[in-house]
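K.L.:
Just the structure for this:
(chains A and B)
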Amino acid sequence: MTTTATIRYSHTVGSLSNQGRGLQNPVDVALDSHGVMYVVSRAGPEIPLRMPYKRITMCTVDEEYLGEFGTGGTGPGEFWWPSALAFDSSDRLYLADEALNRITVFSTTGEVLDLWGEAGSSTGQLNGPSGLVFGLDGNLLITDSGNHRIQKFSTDGKFLASWGSHGSDEGQFNTPWGIAVDSQGNVYVSDWGNDRIQKLTSDGGFLQQFPAPGSTPREEERLNRPAGLSVDDEGRILVADWGNERVRVLSSQGVSIATLRGDSRTPSWANEYFEANPEEGTLRLEADLSPDLEPPQGLPAVSDREESANIEKLFWGPTSVRSDGRGNVMVVDSCRHRVQVYRWDGQ
Amino acid sequence: MTQSSVVRHDQAEAELSLMAHLMRRAGFGVSFEELEKYTAQGYEATVEQLLHPEEAPPWDDALIRRYHVDQNSLMLIESSQSYWLYRMINSKRPLEEKVALFWHGLFATAYGKLNHAKAVVNQTETFRCHGLGTFRNLLSELSRDPAMIFWLDNKDNHKDAPNENYGRELLELFSMGIGTYSEADVKAAARAFTGWTIANQDYMSVRASRDSIWPHGRLDWQFQYRPDDHDDTEKTFLNQTGRFNGEDVLDIICGHPASSWFLAGKLYAFFVSDRPDETATQVIAEDLRRTGGDVRSALRTIFTSDFFKAEEARYAKVKSPAEVVAGVARMAGAFGAPHWSIVNLALDANFMGQEILNPPTVEGWHTGTEWVDTGTLMERVNSAALLVGDPKQPGVQGIIRRLREDQTSYAPEALVDSCLTLSGVLEVSEATRRELTAFVASQGTVSFEPLAGGGCAEQRVADLLQLIVSTREFQMA
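P.N.:
Next up, the predicted model:
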């Protein structure tokens, strides 16, 4: 595939808040059939005071806040370590929980429709489900990270299949994270601990891996602990390159199309605060939020992670990338409590 | 029934016992298997290994940051405390973490005023990187550390309006000690550090004072030197005169005998004993003077000295709460992988009186017997007992496996002796040993024979371990 399209930063949705309009350590976003964004805040640590910080926020890509539901806990509709979201074709929202090892199914208004999953390492059991996607057959694929495998379930939680084992060979995994499906039904898995993406057939047969073994990948194709990923309508692979604090846009053959490092500007959700606190708002405008950084004594360079902690606009812990099919690409920026939105130009 | 083979005698036992002492002080305690390994390689070689943490693999925190996303951003204090505890428990560089804890207690900087947990975490990273180098270099790094600049108001120390807070504490609490300098020296030191500030000082100050997290959480601070705000005029400091800047002041401090004596006393109190000893302190101070303040050399002198190895130095320190929780977790083999309940360990240490990253004042914590009162003692015992009382914990499983491999059944005394050994070669008083033995004896011989109910034996071992970590001796280092 050739493309002349370029990807550019558009705007940012979300800012930090403990409750109400805002996010706290969001880790994934899913879009319903109307294009409404559902963003799940994982927050933490898990102490009673902070449990309400966990929630699912509903908003539009144009920054309209629509409400929230869910909270931290172990009861129905509550979650402990929420990790991933996916909508089925009937607008039912599936949420994976890596601590409770279960899947909760919500309606678009937050009612609990179903709840299933069992902890363990036997077939059909879960140990840290960290990625969700629906296959073309309508069944749910789950990256079972602690068991280093992919499992397939029916929408009501019936076990159907399991692929992979712990290792670094083709078709094996090391603590996989994100999972995606392309228009042909092929499956892509972020093989986190092996620093690669594996492409599999719809029934788990190994097809390819990126970067290709034995090749000398260009720097922008070298992955470091890849997290959430998706494949857009054009077949491009969008992956949150978590360990590199970047987003990689790759062709279907793993060739680099673009690398994003983060470009965030102040979102409209923060405006009211700065209007109410003009002194802080003015000082913020005067401040240099992209300061030059000196490497610590004895080190050759500032690490990507530390650069992200110092420079506000950069991604810090990107965990998920989603395409909305309308030209928007949403990057969940977990440590900055926001979603950076990019747009394809010329497409 | 024969005596368990894990209980050694004479020379072998003495070597294990000394190694256990070293690992309690230079680390957070180790398992019996590790003790055997260290003992096999020899005491001096182990000291050298500890003194060179850079030769051991660095801590890989990726899995922790993946599952605890709040420990990736390190915005909240409990997240940051949990993150450090993971490191104390899992680091392959025990002395690096212990030294970081030492400097954190000495250069006590607290989250409470900064409203910026990661800034204090970053400061501890400086202690890891430079804490075994020279005192002079560490003071230089400390004076540039944004958390310290914020904590002691050096951002408000201006050419035309000096703020003496950092200059005063530098001399009194960080490097020389009261009575070794004059009030005029404080003023001169403060003037020398004018212009040592952080970038975007006004914005960052307003954010900190309001605890503002808008719009995207905390922003790391950067050191900034502003020559236009530095008082470049002549100063007289500790009887020397010149147009001193901060680095000159640090040179003069580190060339003064008071600084080596000061640091020697602090090192002795942290690594050797809660009871001061002038002769031993003099030995350490002389080493510091001879080496230009080389902390690694001073620690080598300490760990290989007779005063460190002496019986009187064994169990001569009350463990700090961080040592208790990290040590018990290491013994239980807990938290080798991410688990949400790590935060409970951090809270336990807080309840015991040590909020790491948030000391009560710039003077740090009051240590020694002041760690323990009736309330904190209960916390210490309950927290420790919770982890080792779970036979599923990998470390407890390891102790049970070792016992089972060794013998199929244990008389009460034999079980107590073996468990004390497997708990890191813990030496207890006869009275304590009698109590532990009576506890086991109340339910008779412990047998791992399948017909005797091996599961019951496992729980009895865990019950005994709970009692062992509750002893006075376990609470001491």
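K.L.:
Next, the buried residues of stretch B:56-64.
P.N.:
B:59, B:61, B:62, B:63, B:64 (16 or more other CB atoms under 10 Å in any protein chain shown). Just so you know, the C-beta spots here come from the backbone N, C-alpha and C atoms, and that holds for glycine as well.
K.L.:
Give the closest residue to residue 265 in space, chain neighbours not counted.
P.N.:
No chain in the question, so chain A it is. Closest residue in space to residue A:265, ignoring its immediate chain neighbours: residue A:12 at 6.2 Å, by CB to CB, 6 or more residues apart in numbering or on different chains.
K.L.:
Please refer instead to chain B.
P.N.:
Going by CB to CB, 6+ apart, residue B:265 has residue B:281 as its nearest residue, at 5.2 Å.
K.L.:
In this model residue B:262 seems to touch that neighbour, though I could be wrong.
P.N.:
No - counting by CB atoms under 8 Å, residue B:281 sits too far from residue B:262 to count as a contact (9.9 Å).
K.L.:
Neighbours of residue B:203, how many?
P.N.:
Neighbour count for residue B:203, taken as other CB atoms under 10 Å in any protein chain shown: 21.
K.L.:
Could you verify that it is part of a helix?
P.N.:
Yes - counting by DSSP: H, G, I helix; E, B strand; the rest coil, residue B:203 falls inside a helix.
K.L.:
what about it, distance to chain A?
P.N.:
Distance of residue B:203 to chain A, given as CB to the nearest CB, to the nearest Å: 4 Å.
K.L.:
Same check on residue B:318?
P.N.:
Residue B:318 is 27 Å from chain A, by CB to the nearest CB.
K.L.:
Got phi/psi on that residue?
P.N.:
Note on residue B:318: backbone dihedrals following degrees, to the nearest 10 are phi -80, psi 130.
K.L.:
which ones are touching it?
P.N.:
Neighbour list for residue B:318: B:274, B:367, B:368, B:369, B:371, B:372, B:475, B:476, B:477 [criterion: CB atoms under 8 Å, 6 or more residues apart in numbering or on different chains].
K.L.:
Let me know the pLDDT of the residue nearest to it when sequence neighbours are not counted.
P.N.:
Using CB to CB, 6+ apart and skipping residues adjacent in sequence, the residue nearest residue B:318 is residue B:371, 4.9 Å away. Listed pLDDT for residue B:371 reads 97.
K.L.:
more crowded one of residue B:281 and residue B:262?
P.N.:
When neighbours are counted by other CB under 10 Å, residue B:262 comes out ahead of the other of residue B:281 and residue B:262, with 25 against 22.
K.L.:
List the residues that contact the more buried one.
P.N.:
By CB under 8 Å, 6+ apart, the neighbours of residue B:262 are B:175, B:176, B:177, B:180.
K.L.:
helix or strand for it, which one?
P.N.:
helix B:257-271 (DSSP states H and E).
K.L.:
Check residue A:248 too.
P.N.:
Taking DSSP H and E as the criterion, residue A:248 maps to strand A:246-250.
K.L.:
got the CA positions of the following helix or strand past the helix holding residue B:262 in CSV?
P.N.:
Next along the chain after helix B:257-271, taking DSSP H and E as the criterion, comes helix B:278-291. Provided in CSV are the C-alpha atoms of helix B:278-291 (Å, rounded to 0.1, in the frame of the first residue of the first chain):
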residue,chain,number,x,y,z
GLU,B,278,33.7,7.9,69.7
THR,B,279,36.6,5.6,69.0
ALA,B,280,34.8,3.9,66.1
THR,B,281,33.6,7.2,64.8
GLN,B,282,37.1,8.5,64.8
VAL,B,283,38.3,5.5,62.7
ILE,B,284,35.6,6.3,60.1
ALA,B,285,36.3,10.0,60.2
GLU,B,286,40.0,9.4,59.5
ASP,B,287,39.1,7.2,56.6
LEU,B,288,36.9,10.0,55.2
ARG,B,289,39.7,12.6,55.7
ARG,B,290,42.3,10.3,54.1
THR,B,291,40.2,9.6,51.0
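K.L.:
can you give me how far helix B:278-291 is from the chain middle?
P.N.:
The chain centroid and the centroid of helix B:278-291 are separated by 22 Å under CA atoms, centre = their mean, to the nearest Å.
K.L.:
Got phi/psi on residue B:347?
P.N.:
Taking degrees, to the nearest 10 as the convention, residue B:347 sits at phi -70, psi -40.
K.L.:
circling back: pairing partners for the strand holding residue A:248, with directions?
P.N.:
Partners of strand A:246-250 in the sheet, by DSSP bridges, are strand A:237-241 (antiparallel), strand A:256-260 (antiparallel).
K.L.:
which secondary structure elements does the helix or strand following the last one contact?
P.N.:
It refers to strand A:256-260. Downstream of strand A:256-260, the next assigned helix or strand under DSSP H and E is helix A:271-276. Secondary-structure packing of helix A:271-276 (3 or more CB pairs under 8 Å, 6 or more residues apart in numbering or on different chains; DSSP states H and E): helix A:278-286.
K.L.:
what about the strands in the stretch 101-250 of chain A?
P.N.:
For the stretch 101-250 of chain A, applying DSSP state E, counting those that start in this stretch gives strands covering A:102-106, A:112-116, A:129-134, A:140-144, A:149-153, A:159-163, A:179-181, A:187-191, A:196-200, A:206-210, A:229-231, A:237-241, A:246-250.
K.L.:
can you pull the contacts of the residue of chain A most remote from its centre?
P.N.:
The C-alpha centroid of chain A is most remote from residue A:279, which lies 35.1 Å away (CA atoms, centre = their mean). Contact partners of residue A:279, counting by CB under 8 Å, 6+ apart, are residue B:206.
K.L.:
Quick check, pLDDT for it.
P.N.:
Note on residue A:279: pLDDT of 95.
K.L.:
any low-confidence regions in chain A?
P.N.:
Residues of chain A meeting the criterion pLDDT under 70: A:1-4, A:347.
K.L.:
let's see 90
P.N.:
A:1-5, A:214-216, A:271-272, A:296-299, A:345-347 (pLDDT under 90).
K.L.:
can you give me the offset of the helix holding residue B:262 from its chain's centre?
P.N.:
Its chain's average C-alpha position is 16 Å from that of helix B:257-271, according to CA atoms, centre = their mean.
K.L.:
next one: stretch A:114-127
P.N.:
22 Å.
K.L.:
Pull out the buried positions in it.
P.N.:
A:115, A:117, A:124, A:125, A:126.
K.L.:
nearest to chain B, of those residues?
P.N.:
residue A:126 (14.6 Å; CB to the nearest CB).
K.L.:
doesn't residue A:132 make contact with the closest one?
P.N.:
No - counting by CB under 8 Å, residue A:126 stays clear of residue A:132, with 11.5 Å between them.
K.L.:
Residues that sit against both of these two, list them.
P.N.:
By CB under 8 Å, 6+ apart, the residues touching both residue A:126 and residue A:132 are residue A:142.
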